[in-house]
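Undergrad: test case, fold it:
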Amino acid sequence: VVEEWVRTILRETLKGLQYLHENGHIHRDVKAGNILIDSKGHVCLGDFGVAGIMGDAGVREDGKRDTFVGTPCWMAPEVLEQAKGYDVKVDIWSLGITALELAKGYAPYARLPPMQVLIRTLREAPPSLSSYEVAPGEEPSSNKGSKGFNTFVAKCLTKSPEKRPSAKKLLEEKYMRQAANVEKLASELLPLVPEVGSG
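TA: Model prediction:
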């Protein structure tokens, strides 16, 4: 059930990213903390504090950005390298990390100092569910995830941005097309979430 909720949240987030990207915007801080769900199960992207426009003054001659912004655990390798610049594909990398975060409750490398996060992101193979240590008392099988989920994450976390799919392409994948509707989030997931206090 948890993976079905995660898939629906990812699909709806991809719709938002597709809209942003097709209109020349880049979010640059996609993570679970910036994904909001309303009482009807609608999923929205929030916190546009470091978002940018691909055609504004901060863009290099080659049409890419090179500003070092975002949250380290979710930053794509090309943001960390800063040599070649980056484009909207950084949001797809961040979504792959967010998928793992939603599945496990925290991002890969979240318990490491920022400098180690940067080094691991640049030097090691992209993270996956199997990158997580099995917690005491946890079943090793809980680290697996479905084939569809793992394939989706691997596509998002392709190190080469040129080979990383667009939001539109990911939405066309069978795994995303089979996601539940938002009403299912409202009826199954939201009752499990404690209400925010009134003050």
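
Undergrad: and the strands in this structure, which stretches?
TA: Using DSSP state E, the strands assigned to the chain run over residues 25-26, 35-37, 43-45, 52-53.

Undergrad: and these, which is most packed in?
TA: When you average the neighbours per residue for each of those (mean count of other CB atoms under 10 Å), strand 25-26 leads with a mean of 20. Glycine gets a C-beta too; all of them are placed from N, C-alpha and C.

Undergrad: so where's the longest helix in the protein?
TA: When every helix of the chain is counted residue by residue (DSSP state H), the longest turns out to be helix 2-22.

Undergrad: which helices and strands sit right next to the least confident helix or strand in the chain by mean pLDDT?
TA: None of the helices or strands of the chain scores lower by mean pLDDT, DSSP states H and E than strand 52-53, at a mean of 70. Using 3 or more CB pairs under 8 Å, 6 or more residues apart in numbering; DSSP states H and E as the contact definition, the elements that strand 52-53 packs against are strand 25-26.

Undergrad: repeat that with 6 Å
TA: In this structure, strand 52-53 makes packing contacts with no helix or strand, judged by 3 or more CB pairs under 6 Å, 6 or more residues apart in numbering; DSSP states H and E.

Undergrad: given that strand, what are its sheet partners and their directions?
TA: With DSSP bridges as the criterion, the sheet partners recorded for strand 52-53 are strand 25-26 (antiparallel).

Undergrad: ok, Met75 - how many residues close by?
TA: Other residues near Met75 number 23, with proximity taken as other CB atoms under 10 Å.

Undergrad: gap between it and Arg7?
TA: Counting by CB to CB, to the nearest Å, the separation of Met75 from Arg7 is 24 Å.

Undergrad: then Arg111?
TA: When Arg111 is compared with Arg7 (using CB to CB), they lie 26 Å apart.

Undergrad: more neighbours, these two?
TA: Of the pair Arg111 and Arg7, Arg7 is the one with more neighbours under other CB under 10 Å, namely 21 against 11.

Undergrad: which residues of the protein score low on pLDDT?
TA: For the chain, the stretches flagged by pLDDT under 70 are 1, 49-51, 54-70, 135, 140-143, 197-199.

Undergrad: spit out the contact partners of Pro72.
TA: By CB atoms under 6 Å, 6 or more residues apart in numbering, the contact set of Pro72 is 114, 117.

Undergrad: and for Lys168?
TA: Gln18.

Undergrad: quickly note the distance from Val43 to Ser130.
TA: Using CB to CB, which is the criterion applied here, Val43 is 27 Å from Ser130.

Undergrad: swap in Val196?
TA: To Ser130, Val196 is 35 Å away according to CB to CB.

Undergrad: swap in Asp47?
TA: As defined by CB to CB, Asp47 lies at a distance of 30 Å from Ser130.

Undergrad: between these two, which one's more packed in?
TA: More crowded of Asp47 and Ser130, by other CB under 10 Å: Asp47, with 14 against 11.

Undergrad: count of neighbours near the nearest residue to the more buried one once chain neighbours are set aside?
TA: Nearest-residue entry for Asp47: Asn34, 4.3 Å, with adjacent residues in sequence omitted and distances by CB to CB, 6 or more residues apart in numbering. Asn34 has 19 neighbours, counted by other CB under 10 Å.
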